[in-house]
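> structure of the sequence below:
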Amino acid sequence: MRKVAIIIDPTLPTGLLANAVACITSGLFLDGKEYVGQEIKGTDVTYIPITKIPILILKPGSTTLLDHLRKAQKLGLTYMAFTKEAQTTTNYEEYTQRVKGKNLNEVTLVGLGLVGDDKTISSLTGNLPMLR
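Sure thing, here's the model as predicted:
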């Protein structure tokens, strides 16, 4: 079974926090059709597909987002790094220019999305607090 965990900077204002989670989720599921269900027909509405796997929204705890990302890389997880640079631009081209060719030490990580098997995700995130 697969699982998704999103580790987010809990100090972000509510709107930016919601934006980060939405962007991370859309990026993680871009090519993940096996993670998304089918349309469901109602009598007067069609419900769009939603995820078929759990999505945990977590705080980073005492470990930095960068350290979580490095662990995810070592474990071979699919990941998405989301940066402050993405949230402070007005179009994708500007964002691209701000992060292109930079390493993670040159950007500000505000969120991290992870996809992997349940056991591996749990081993990395099992002791992290839920975002509340």
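> and the strand ranked longest in the chain, what does it pack against?
In the chain, with assignment by DSSP state E, the single longest strand is strand 109-117. If you count contacts as 3 or more Cβ pairs under 8 Å, 6 or more residues apart in numbering; DSSP states H and E, strand 109-117 packs onto strand 2-8, helix 14-28, helix 65-75, strand 78-83, helix 84-87, helix 118-125. Placement of C-beta: from N, CA and C, glycine included.
> tell me which residue is most central in this structure.
Gly113 (2.6 Å; Cα atoms, centre = their mean).
> does Leu12 touch Val110 like I think?
Yes. Using Cβ atoms under 8 Å, Leu12 makes contact with Val110 at a distance of 6.1 Å.
> common neighbours of these two, please.
Common contacts of Leu12 and Val110 (Cβ atoms under 8 Å, 6 or more residues apart in numbering): Ala20.
> quick one: the residue nearest to the centre of the chain and Ala5, what's the gap?
Using Cβ to Cβ, to the nearest Å, Gly113 is found at 8 Å from Ala5.
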